[in-house]
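Novice: Build me a model:
(chains A and B, ligands or ions: 2)
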Amino acid sequence: MLSVNGIDTYYGLSHILFDVSIRVEKGEIVGLLGRNGAGKSTTMRSIMGLTPPKKGEIIFKGEVITGKKPYILFRKGIGYVPDDRRVFADLTVDDNLEIVYRREETWNKERVYSLFPALYEIKNRKAGFLSGGEQQMLTIARALMGSPELLLLDEPTEGLAPLIVKDLEEQILKLKEAGISILLSEQNIKSAMKLVSRAYVIDNGRIKFEGTRAELDENEEIKRRYLMV
Amino acid sequence: MDIVYSVLPPQFLSQVLVGLSRTTILFIVASGLSLILGVLRIPNVAHGSLYMIGAFVSYSIAKLFGGGPSSYWWALLITPFVIALISFVVERGVFQFLYEREHLMLLLLTFAFSLVFGDLVKLIWGVEYKSVPVPGAFQGFVPLFGGIPFPLYNLFLLCVGPVVALILWFIVNKTKIGKISRAAAVDREMVGAVGINVSWVFATVFVIGCLLAGLGGVLVAPTVSVTLGMDHTLIIEAFLIVIIGGLGNIWGALLGALIFGLSQSLGILLWPKFGIVIPYLAVVVVLLIKPTGLLKSTW
Ligand SMILES: Nc1ncnc2c1ncn2[C@@H]1O[C@H](COP(=O)(O)OP(=O)(O)O)[C@@H](O)[C@H]1O
Ligand SMILES: [Mg+2]
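Specialist: Ligands and ions are numbered 1, 2, ... in the order given. You can find the predicted model right below:
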C-alpha cells in the first residue's frame, strides 16, 4: 500500500529526517512511535506532500508519489489527520465535512456521523467552539469524507481525557475493520500497543527499530531508551 | 412630516441619501478588495485600476450599442464579464505564482500593475474625459424631502447596494466555494490536504473580487466624468475602508463604506470648506479606538 524509501526531509536548512523507511500493508495499523520532537509529524507531512522530502522515494499503490501536491495525494486516497487538529474553525461541523473533495461514495456524511454520533449532535456548531475531543473526531471524520485507503493519524490521543481516548481507540479499530490502512503516530505507547500490528520507533529523525508488536513489547532496551517506558 | 423635518432638516436627509449612494459604490469596490486581501492575502493596489477600466469599458460598450439611454444596460451587463476575463488572465498568468511572496513585495508588484493598467487605459481611450449615459428609466430628478430634487439614478444605486450585499452574503455563507474560501483564508495548507485545489479557489476568489471592482466602475460611470486617475482616489478610500472595517471582513467593508460615505456627504453639508477631510478624520478616530478594525479580521 505505502512504502517510504529512505527519505530525507528538511525545514529550510535544518535537516530533520535521515534515511527514513516505512512500509504499511493493506488493512494494517502500523505505529510510528517516538518522543516529542523525534520526527513523527515531519514523516507524516513528508508522506502527505506538505513538506516534500529532498531525497528518497514514496510509493503509494505502486505509484511514485514523491513531490506530488497534497490535494492530488488526497484524491489518490491518502487521508491526513494532523497532530494540531486544524479544524476549519470558522465553519460549522457539517460544513467542515461538506467542503472535502469526494473521491468516491464509500464514505459519506451519514456513515461518518454514524461512526461519530457525538458529531451529529453538534453538526451546526462552529468547529472553533468544539472541545479537544470533538475537534479530534472532526478531523478524522473530515479525512474519512474522501474515502481514504490510507489514513495518516498523527497523535490522535494527544491531550485527550482517558475516557475519550478509549472511545477513539475503538473508532480507530473500526476504521481498520472497514479496510483502511493506518499509519498511527504516538508518544503514548500504551495506547498504540492496543492498536498496532507492527511498529517503527523513530528518534532524532532516524528509524531506530522496526518489528511486530510482540517484538517491540519484548525489547525493553528500545522502550527504555526511546519511549521512556 | 414637518415634525420630522424640524428635527432632521430636509437638506440633511437628502445628504444622507447622497452619502448612501456613495456608500454603495465604495462598498462594492472595497468588498472585492477585502475578499482578495482576506483569502489570497494580496493587498491588490491594481484593484482601483479594474474599477477605472470598468468605467472605461462601460463607456465603450454603451457607445457600441448606440450611446442612447438604454445602451447603459448593455454596459452594466457585459462589463463585469470583461473585467472578470482580464483578472482571470492576470491571475493565471502572473499572480498565481506570487502568493508565497512577502506582503511588501506584493504591494510593489500590484502597484506596478496599476501603473501598467493606467498606461494601457491612456493608450486605448486617450486622455479626454468620457461620459456614460444615464440609463433612460433613471434620468432626471425626483422631488424628495421637502421638494429637494434628488437624482433618480442615485435611487437606483441605493437599490443595487443591498442586492449586491445579499448576493455576496449568499456566496460567502451558503455556497461551497464560499465555505472553501473561508477555510482557505485561515488555513490554506489544510484545505489542500482535504483534496481541494487551492490554486483554483484563489483564481475564483480573485476573479469575483475584481469583478466587484469592475461593477463599481460601471455603476459609478454615469455619475462622474470617466477619466484617468479615477483609480487613485478610489483605491486609497477602499484601502482605508477595508482597514477600518477589519481586513478580509466583508461586513467590515460595508460598515467602513457606510462610515466613509456618510461622513463624506454630511461633512460637506456641515462644513462645506473642509468637508472632504472629515472621512479621513473618521478613519483616524476609528483606528484610535480600534486599531485592528471594527469587525473581526481574518488576518
Ligand atoms: N516548521 C518547522 N521548522 C523548523 N523545524 C521544525 C518545524 N517543525 C518541527 N521542527 C523540528 O523538527 C523536529 C521534528 O519535529 P516533529 O516532526 O514535529 O516531531 P514529533 O512530531 O515527533 O514531535 C523537531 O526538532 C522540531 O523542532
Ligand atoms: Mg508531532
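Novice: Under the pLDDT cut-off, which ranges of chain A? List them.
Specialist: Within chain A, the ranges that satisfy pLDDT under 70 run A:229.
Novice: Enumerate the residues of it near ligand 1.
Specialist: A:11, A:14, A:16, A:34, A:36-42 (CB under 6 Å from any ligand atom). Heads up, the C-betas are built off the backbone N, CA and C, glycines and all.
Novice: show me what contacts the spatially closest residue to A:Phe88 that is not a sequence neighbour?
Specialist: Distances taken as CB to CB, 6 or more residues apart in numbering or on different chains put B:Ala183 closest to A:Phe88, at 3.9 Å, once the chain neighbours are dropped. Listed by CB atoms under 8 Å, 6 or more residues apart in numbering or on different chains, the contact partners of B:Ala183 are A:88, A:90-91, A:96, A:99, B:190-191.
Novice: Let me know the secondary structure of B:Ala183.
Specialist: Recorded secondary structure, B:Ala183: helix (DSSP: H, G, I helix; E, B strand; the rest coil).
Novice: again with A:Phe209
Specialist: strand.
Novice: per-residue pLDDT, the residue nearest the centre of chain B?
Specialist: Against the mean C-alpha coordinate of chain B, by CA atoms, centre = their mean, the closest residue is B:Val29 at 1.0 Å. Note for B:Val29: predicted pLDDT of 97.
Novice: B:Pro279 now?
Specialist: With respect to pLDDT, B:Pro279 scores 88.
Novice: My reading is that it lies in a helix. Confirm?
Specialist: Yes. B:Pro279 sits within a helix when classified using three-state DSSP.
Novice: residues touching it, list them.
Specialist: B:237, B:240, B:259-260, B:263-264, B:267.
Novice: mind running it again at 10 Å?
Specialist: The contact partners of B:Pro279, by CB atoms under 10 Å, 6 or more residues apart in numbering or on different chains, come to B:19, B:22, B:26, B:237, B:240-241, B:244, B:259-267.
Novice: Got phi/psi on A:Trp8?
Specialist: That one is not Trp; residue A:8 is Asp. Torsion angles at A:Asp8 (phi, psi; degrees, to the nearest 10) stand at phi -120, psi 130.
Novice: Neighbours of the closest residue to A:Ile72 other than its chain neighbours, how many?
Specialist: Nearest non-adjacent residue to A:Ile72, counting by CB to CB, 6+ apart: A:Gly49, 7.5 Å away. Other residues within reach of A:Gly49, judged by other CB atoms under 10 Å in any protein chain shown, total 23.
Novice: what do you get for A:Ala214?
Specialist: Neighbour count for A:Ala214, taken as other CB under 10 Å: 10.
Novice: Let me know the helix or strand that the residue nearest in space to the middle of chain A is in.
Specialist: The centroid of chain A falls nearest to A:Leu153 when counting by CA atoms, centre = their mean (1.5 Å). Per DSSP states H and E, A:Leu153 falls inside strand A:150-154.
Novice: From A:Met44, how far out is whatever residue of the stretch 1-150 of chain B ends up closest to ligand 2?
Specialist: Ligand 2 sits closest to B:Glu100 of the stretch 1-150 of chain B, with a gap of 23.8 Å, by CB to the ion. Separation of B:Glu100 from A:Met44 (CB to CB, to the nearest Å): 22 Å.
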